[in-house]
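*Asks:* the following block contains a protein sequence and its predicted model.
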Amino acid sequence: MTHVAVVGGGPAGLSAALFTAKNSLDTTLFDTDGTWMHKAHLFNYLGIDSEDGSAFMENSRAQVDEFGVDRHQGEEVTAVAAAGDGFTVTTEDDEYDADYVVLATGANRDLAESLGCAFTDDDLVDVDVTMETSVEDAYATGAMVRAEEWQAVISAGDGAAAALNVLSKEKGEHFHDFDVPADAE
């Protein structure tokens, strides 16, 4: 089974994990709870009138758990390296193999740099529209790819874009995660 490793448990990482797990990819999420969301209150997130950032994180984690994400809360990733046709994700506790990796570590670009991802002249991780880096099957999202555009909804969209590209590669065609109720006309 295809395995996706998501490093970071903020809106970008949780969004990527939600999309991949919901669509039957084996997904592991590493979350040290270092997200800026605990300092936020959401008034500008589509579909949310007003919600405390910590409550948003709790709800988002519950949602990915419901879809079967293997969430490693508190387990910090210390390295990500290319290994054969995939990646090895290393923590203090263990090593994990993955076919794809999504980096969602906020403005911390250390893992992207050590993986060999290209950077822009502004010291941002260089990605294409699908959030794929110069390292094939490695994605970067959120604050590490955007100068000062650190909105939760933008980061969640970046995570979704990365996941949809992974799913498109796996399906061999453009994939759309669009749910239609059984009673829709």
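*Replies:* Yep, it's here.
*Asks:* CA atoms for contacts and neighbours, from now on please.
*Replies:* OK.
*Asks:* for Phe175, the count of nearby residues, please.
*Replies:* Using other C-alpha atoms under 10 Å, Phe175 has 15 neighbouring residues.
*Asks:* cool, the one 5 residues further on as well?
*Replies:* Other residues within reach of Val180, judged by other C-alpha under 10 Å, total 8.
*Asks:* so it, which state does it fall into?
*Replies:* Three-state call for Val180 (DSSP: H, G, I helix; E, B strand; the rest coil): coil.
*Asks:* confidence score at it?
*Replies:* pLDDT recorded at Val180 is 84.
*Asks:* now Thr78
*Replies:* 97.
*Asks:* was I right about it contacting Glu95?
*Replies:* No: taking contacts as C-alpha atoms under 8 Å, Thr78 lies outside contact range of Glu95: 10.0 Å.
*Asks:* what sits in contact with each of those two?
*Replies:* Val89 (C-alpha atoms under 8 Å, 6 or more residues apart in numbering).
*Asks:* so what strands line up beside the worst-scoring helix or strand of the chain on mean pLDDT?
*Replies:* For the chain, counting by mean pLDDT, DSSP states H and E, strand 41-42 ranks last in confidence among helices and strands (a mean of 79). Applying DSSP bridges to the sheet, strand 41-42 is found paired with strand 51-52 (antiparallel).
*Asks:* just the pLDDT for the residue lying farthest from the centre of the chain.
*Replies:* What lies farthest from the middle of the chain is Glu185; by C-alpha atoms, centre = their mean that is 33.2 Å. On the pLDDT scale, Glu185 is placed at 74.
*Asks:* ditto for His72
*Replies:* 97.
*Asks:* mind checking how far it is from Ile154?
*Replies:* 24 Å (C-alpha to C-alpha, to the nearest Å).
*Asks:* equivalent analysis for Phe43, please.
*Replies:* Per C-alpha to C-alpha, Phe43 is found 14 Å from Ile154.
*Asks:* more neighbours: which of the two?
*Replies:* Set side by side, Phe43 and Ile154 show more neighbours around Ile154, with 18 against 12, by other C-alpha under 10 Å.
*Asks:* mind listing what the residue lying closest to the more buried one once chain neighbours are set aside touches?
*Replies:* Closest residue to Ile154 apart from its sequence neighbours, by C-alpha to C-alpha, 6 or more residues apart in numbering: Gly142 at 7.0 Å. Neighbour list for Gly142: 12, 104-107, 150, 154-156, 158-159 [criterion: C-alpha under 8 Å, 6+ apart].
*Asks:* how much space is there between Gly142 and Ala62?
*Replies:* Relative to Ala62, Gly142 is positioned 21 Å away (criterion: C-alpha to C-alpha).
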